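Following is a predicted model, sequence given first.
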Amino acid sequence: MKEAELADELHLGDPDEPPMTGLLTSINAPVARLGMFLSVGGLLVIVTIVFYQVFGRYVLNSSPTWTESLALVLVLYVTLIGAAVGVRDAGHIGMESLLVLAPDKLRNRIELLIHFLVMIFGATMIYNGALLGMSVWGYKIPNLGLYETIRYAPLVISGALIISFSIEHVMALLQDKKVVPSWH
């Protein structure tokens, strides 16, 4: 089956639909790409840290104390920044199986609603992340010597990225354009 026929059958619109352009896209695309690279790099660092911890425990019989704390902090950054990039690249969990059955006009309205709800979720992440970060402002993570606030910074960063990426999707929907994933 040809790509155009498949897109028509699945109500995905024109496969040659123009890509979204503009200032927001010129900012969001490289930010999302950087976030993706940082998440992958962070995942490699986590694997290295955990390997070092296991090696230290079972081979050297002296497990480093800082490895678990650092790995847990990095997991927060990797997952939350990766989730924000997933919002831009439409890699998040969705109910697309139900949306493809809806008429184009209704589907666009539902997609707009979804993106507005995602923006509210991002704003909630920013607010609660900042609130939690400020509540532990003066405390340090025992084995790392870093302030506890560092654990809540990815909530704020990810929330801001999610809002920016969702605004880009809303603008694309309103202009009948598509957001090209940053990994293309």
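On my side now, so go ahead.

For the residue nearest to the spatial centre of the chain, give its distance to Val156.
For the chain, the residue nearest the mean C-alpha position is Ala84 (1.6 Å; CA atoms, centre = their mean). Ala84 is 11 Å from Val156, where distance means CB to CB, to the nearest Å. Just so you know, the C-beta spots here come from the backbone N, C-alpha and C atoms, and that holds for glycine as well.

quick one, strands of the protein?
Counting by DSSP state E, the chain has no strands at all.

Distance from the chain centre to the longest helix seen in the chain, please.
Counting by DSSP state H, the longest helix found in the chain is helix 23-58. The chain centroid and the centroid of helix 23-58 are separated by 12 Å under CA atoms, centre = their mean, to the nearest Å.

What mean pLDDT does it get?
The predicted model assigns helix 23-58 a mean pLDDT of 94.

helices and strands of this structure: which one has the lowest mean pLDDT?
helix 3-9 (a mean of 44; mean pLDDT, DSSP states H and E).

so who does the residue nearest to Ile27 when sequence neighbours are not counted touch?
Spatially, and ignoring its direct neighbours in sequence, Ile27 is nearest to Ser164 (7.7 Å; CB to CB, 6 or more residues apart in numbering). Contacts for Ser164 (CB atoms under 8 Å, 6 or more residues apart in numbering) come out as Leu24, Ile27, Asn28, Val31.

could you flag which of those are buried?
Leu24, Asn28, Val31 (16 or more other CB atoms under 10 Å).

just checking, the second one touches Glu168?
Yes: the criterion here is CB atoms under 8 Å, and Asn28 meets it with Glu168 at 5.2 Å.

Common neighbours of these two, please.
Arg88.

ok, Phe55 to Ile46 distance?
From Phe55 to Ile46 the distance is 15 Å (CB to CB).
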